[in-house]
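> Please find the sequence and the predicted model below.
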Amino acid sequence: MNYKSILFIAAITLGNLWAAVDDAFVRVSPRDPRYFELTDGTPYIPIGINLIHPPFAVTNEAEGLRLMDNWMTKLEKNGANYIRVWYSINFWDIENEKFGEYSESQARRIDSLLTMARSHHIRVKATFEHFRQFSQPGKWHTKANYGAANGGPYQDVTDFLMNTSSRELYKKKLDWYQARYGNDPVIFGYELWNEMENVAGTGWEDWTKVFLGEVKKRFPKNLAMQSLGSLDLSKKIPMYESICSLAGNEVAQVHRYLDPGAEWEVCQLPMDQSLAQAVGVLRGFRLAKPILVAESGAVEAHHSGESKLYAKDKQGMILHDVLFAPFFSGAAGTGYNWHWYKYVDPNNLWWHFGRFAAAVKDLDPPAEKFEVLSAEQGPVRVYALRGKRTLLIWCRDAGNTWKTELQEGKAPEVISRLILDVGLVAGIGSNATVKIYDPWKDRWADGAVDANRIRLPDFSRSIVIRVSGGPFTGATKRVDAVGRAAGPSSRGIRLMPAGELDIAGVKLGVQVQDSKWKASRQMEGTVNLESSVPTLTTVRGQCDLRGLFTLTGQKTRLEFAEQVEWSNDRDLRLDLALSGDDVHLNAVVYSVYLPVEQFKGRELSFDDRAILLPEGFSGKKELFSGICKGVRIPTDSGVIHLRGDLKVKMQDDRKFNESTYQIRFDFEPADGLIRKSTLQLSVAFEKE
């Protein structure tokens, strides 16, 4: 193919080419907003990869376009239908020379890209911006011609984001894109910015709110969305929840990598568990919108480069997990690997896209109203989507991980004669049809159900079971907090729709006690707590306020809204206790915060450590945090205690109307899924 001809065709006949093909757009399905469909009602599962640009070393236009077409040809051959591209990267950037001047030659490259995508039946997610600063010309994350030092109008990124006139100028750039590409169905959607919180400036949150609306105003038929950096710290969860929850952000996206340098150890879990956890965090926000793992893969420590494991991963086990794990954990599509030209193409792993496409062929997720379930049985982790007519199960060998296969060089074992107890996730009728797919061999086999059990053929790494002929009943076996079959001593815990847990007889209690003070109020009620771990949390301090709640499902916050008065020198002892019946945890990450406005100028100490809060200090002070690893609570009487003494010393008799203590727990059960709960206490004291 002559790629200079593509440019000519795109420039002369683009409108006619586009008018001649399907004009259906991608939208959030009105049948089930967790999934996508086309505007003609056809279900759409985005299967693809980040295909951001040709290699940086390729500067020749024709060669760059040839590579993009070659990659898209391989994707189409294997059933993929989605790519992501950065319009702002050098190869495509229309504003590549001078601020405010849009290059026609660069625009023709985008024309060619979209023409190729259409010919290969691939939708494009277009990212408008990715820069982080202005001051380092030549760096991939620099937009030097925007900075005043290089002839641009902005002093820094904050100036660009917050200056009223700059926003008006940026709207003109969006107007240019709209005039050229408005209402084009080849566009999956528009993403404002790659990992925007990493910009070297402030005001990006407000900018996001404004420009999600501006993009939708100009491209009403295309999706609008925003992206954030890798979810590699639990403290990023509130930021993720805030951005994902924005009304104008139509797709909840998460980035998650295998990163040996990440502080959050979930990023070093087996890939399937790590990705399931990332999806689980976003599912915990309870948003009626699709979830995508928009970036994934493996990196060297702290994203210092592509992982050295790639050179060993000739079979593509990392890519396999990136494709399968998100969808089977409740995402609307596959995960989308980075390193397309440093991993996927050199190792010739394009066939993996075809294997996922085969597993979900003719599936209609919005019609199924899938319930997301997981369990463990023997050597495998079980990820299941239980629908109205289809039960889709992905079994992943728990003993085969990136560590065992790529780091330690252990070949995957063959799992033989495994009889899958489907009762862990569903009850199957006698009229069900069972098909079993080995994605590593591209081989389908017939299966049969016998008393809710399916005998699986021998397989390595993973296998897919597709059961047709629902409706299916709920799980016929109780399971414990990590999905193992429940023994006779287990309490009443069973999987519920949408992955919720019905936890009977497990209480969450909050107590603040001291014989010198009497209770100001007694409370009872019911709350939701996002955790699949039966918990008993106790806080003891300087009064006798008690709140007792029963866990009924999944939510993120429990709040007490009482008043507290302290006078003179009082100590508050925090004793946080986690207990339950046969609970297995990888870790409990905990932290305690104290709003400090009311203690300005006071001396605080925690566990004999002085905490000085000078006048003028605002915000909240983290008193302590930590992580308990390798935790197992074998019986009801087993308790983990996280203790600390908070001493507030005041030099006068001044009273404080309210003190709030916020205790946050991130529970990591043995299934690797982090659950967040926030306990906020505001309590009142009265002298006897």
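That came in fine, so what should we check first? Please read these numbers as outputs of a predicted model, since none were measured by experiment.

> Do I have it right that Lys308 meets Glu300?
Yes. With contacts defined as C-beta atoms under 8 Å, Lys308 counts as touching Glu300 at a distance of 6.8 Å. For every residue, glycine as well, the C-beta is placed using N, CA and C.

> Can you list the residue ranges for helices in the stretch 301-450 of the chain?
317-328, 351-359, 365-368, 402 (DSSP state H, counting those that start in this stretch).

> Revised request: answer the last question for the chain.
Assigned by DSSP state H, the helices in the chain fall at 3-19, 61-77, 104-119, 157-162, 164-181, 204-218, 237-244, 271-283, 317-328, 351-359, 365-368, 402.

> Output those helices as TSV; include the columns mean pLDDT, distance to Asn50 and mean neighbour count.
Written out in TSV, the entries for the helices of the chain read as follows (pLDDT from 0 to 100; distance: least, C-beta to C-beta, whole Å; neighbours: other C-beta atoms under 10 Å):
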stretch	mean pLDDT	distance to Asn50	mean neighbour count
helix 3-19	40	22	14
helix 61-77	97	11	19
helix 104-119	97	14	20
helix 157-162	95	24	20
helix 164-181	96	20	14
helix 204-218	97	20	18
helix 237-244	92	19	18
helix 271-283	92	15	26
helix 317-328	98	11	28
helix 351-359	98	13	20
helix 365-368	97	22	21
helix 402	98	20	22
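
> Any chance of CSV for the ones you listed, columns distance to Arg396?
Formatted as CSV, these follow (distance: least, C-beta to C-beta, whole Å):
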stretch, distance to Arg396
helix 3-19, 41
helix 61-77, 24
helix 104-119, 32
helix 157-162, 42
helix 164-181, 40
helix 204-218, 35
helix 237-244, 25
helix 271-283, 5
helix 317-328, 8
helix 351-359, 13
helix 365-368, 20
helix 402, 12
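
> Relative to Pro43, which of these is closest?
With respect to Pro43, and counting by C-beta to C-beta, the nearest of the helices of the chain is helix 365-368 at 6.1 Å.

> got a list of contacts for the closest one?
Residues lying outside helix 365-368 but in contact with it, judged by C-beta atoms under 8 Å, 6 or more residues apart in numbering, are 29, 31-32, 34-35, 37, 43, 45, 332, 385, 387-390.

> Quickly note the distance from the closest residue to Lys98 other than its chain neighbours to Gly100.
With sequence-adjacent residues excluded and distances taken as C-beta to C-beta, 6 or more residues apart in numbering, Lys98 is closest to Asn145, at 6.0 Å. Relative to Gly100, Asn145 is positioned 9 Å away (C-beta to C-beta, to the nearest Å).

> just Phe211 next, same as before
For Phe211, the distance to Gly100 under the criterion C-beta to C-beta works out to 17 Å.

> What is the burial count for the residue nearest to Lys98?
Other residues lying near Asn145 total 19 when counted by other C-beta atoms under 10 Å.

> Repeat that for Gln155.
If we define neighbours as other C-beta under 10 Å, then Gln155 has 14 of them.

> Surely it touches Tyr146?
No. Judged on C-beta under 8 Å, Gln155 makes no contact with Tyr146 at a distance of 10.2 Å.

> Columns neighbour count and pLDDT on top of the contacts of helix 365-368, output as CSV?
Listed next are the contacts of helix 365-368 as CSV, based on neighbours: other C-beta atoms under 10 Å; pLDDT from 0 to 100:
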residue, neighbour count, pLDDT
Ser29, 21, 98
Arg31, 16, 97
Asp32, 20, 97
Arg34, 23, 97
Tyr35, 25, 98
Glu37, 23, 98
Pro43, 19, 97
Ile45, 21, 98
Ala332, 26, 98
Leu385, 22, 96
Gly387, 22, 95
Lys388, 14, 93
Arg389, 14, 94
Thr390, 21, 96
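
> among those residues, which two are most distant?
Of all pairs drawn from these, the greatest distance, 18.8 Å, lies between Ala332 and Arg389 (C-beta to C-beta).

> need the strands for the stretch 301-450 of the chain, in chain order.
When secondary structure is read from DSSP state E, counting those that start in this stretch, the stretch 301-450 of the chain shows strands at 371-377, 380-386, 390-397, 414-415, 419-421, 433-438, 443-447, 449-450.

> List the contacts of the third one.
By C-beta under 8 Å, 6+ apart, the residues outside strand 390-397 that reach it are 270, 272, 321, 324-325, 328, 359-360, 363, 368, 370, 379-385, 412-413, 415, 420, 422, 425-426, 428, 432, 456, 460-468, 470, 472.

> hmm, try it at 7 Å
272, 324, 328, 363, 368, 379-385, 412, 415, 420, 425-426, 428, 461-468, 470, 472 (C-beta atoms under 7 Å, 6 or more residues apart in numbering).

> Kindly report the same for the fifth one.
With contacts defined as C-beta under 7 Å, 6+ apart, strand 419-421 is touched by Gln377, Cys395, Asn452, Arg453, Ile454, Arg455, Leu456, Ile465.

> Next, format those residues as TSV and append neighbour count, pLDDT and distance to Phe91.
Output for the contacts of strand 419-421, formatted as TSV (neighbours: other C-beta atoms under 10 Å; pLDDT from 0 to 100; distance: C-beta to C-beta, whole Å):
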residue	neighbour count	pLDDT	distance to Phe91
Gln377	21	88	48
Cys395	24	97	41
Asn452	19	89	54
Arg453	14	91	54
Ile454	20	94	49
Arg455	14	95	52
Leu456	20	97	46
Ile465	21	98	43
